[in-house]
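[1] this is a predicted model, with the sequence first.
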Amino acid sequence: VLSFIIFICYIASLAASFMMAPLLEFLLALSLFFAYAFKLNEKFKGLYWPLADFLRCVTAAIIYFAISIAAVSKYNDGASKAAGVFGFIATIVYAIDFYITFNDLVTFIKQGSSESPEGRKSEDEDSDSDSD
């Protein structure tokens, strides 16, 4: 929703050249939302979903921060200033989101690496009992 608001502000401002970044982020966030809603993450195991979400958050935070600085410092109209302020808010929101996603990603990776040795250990025990 915040990306869509920023997109509308950029359309109404003199900084209309920045409108593509919030539009693409809005569409990417919407597509990931529908992918999770329709459980595509369970159907397509080849795509590493937590990493894709993490990269989306990191790039969005960096891009919003950069275009917000440009919009606030370079343009003097109210819509550009509003888009810049909403962009800074979006930067904070995406920074919090990538922090949370990073913690989930680390937990996910630790669970995956801790399950591997246990699985091998039980397979080794099965092979030892078969040889007896």
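    Perfect, I can see it now.
[2] with just CA atoms, put stretch 78-90 into PDB.
    Provided in PDB are the C-alpha atoms of stretch 78-90 (Å, rounded to 0.1, in the frame of the first residue of the first chain):
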ATOM      1  CA  GLY A  78       4.600  19.400  -2.400                       C
ATOM      2  CA  ALA A  79       3.900  16.100  -4.100                       C
ATOM      3  CA  SER A  80       7.700  15.500  -4.500                       C
ATOM      4  CA  LYS A  81       8.200  16.300  -0.800                       C
ATOM      5  CA  ALA A  82       5.300  14.000   0.200                       C
ATOM      6  CA  ALA A  83       6.700  11.200  -2.000                       C
ATOM      7  CA  GLY A  84      10.100  11.700  -0.400                       C
ATOM      8  CA  VAL A  85       8.700  11.600   3.100                       C
ATOM      9  CA  PHE A  86       6.700   8.500   2.300                       C
ATOM     10  CA  GLY A  87       9.800   7.000   0.700                       C
ATOM     11  CA  PHE A  88      11.700   7.500   3.900                       C
ATOM     12  CA  ILE A  89       8.900   5.800   5.800                       C
ATOM     13  CA  ALA A  90       9.000   3.000   3.300                       C
END
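[3] can you list the buried residues in it?
    79, 80, 81, 82, 83, 84, 86, 87, 88, 90 (16 or more other Cβ atoms under 10 Å). In this view, the C-beta of every residue, glycine as well, is placed from N, C-alpha and C.
[4] quick one: the first one and residue 18 touch, right?
    No: look at residue 79 against residue 18 with Cβ atoms under 8 Å: they stay out of range, at 11.1 Å.
[5] shared neighbours of those two, anything?
    Contact criterion Cβ atoms under 8 Å, 6 or more residues apart in numbering; residues shared by residue 79 and residue 18: residue 10.
[6] picking that back up, make a markdown table from the buried residues of stretch 78-90 and add distance to residue 111 and pLDDT to it.
    Listed next are the buried residues of stretch 78-90 as a markdown table, based on distance: Cβ to Cβ, whole Å; pLDDT from 0 to 100:
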| residue | distance to residue 111 | pLDDT |
| --- | --- | --- |
| 79 | 46 | 89 |
| 80 | 45 | 89 |
| 81 | 45 | 91 |
| 82 | 43 | 91 |
| 83 | 40 | 91 |
| 84 | 40 | 91 |
| 86 | 37 | 92 |
| 87 | 35 | 92 |
| 88 | 35 | 94 |
| 90 | 31 | 93 |
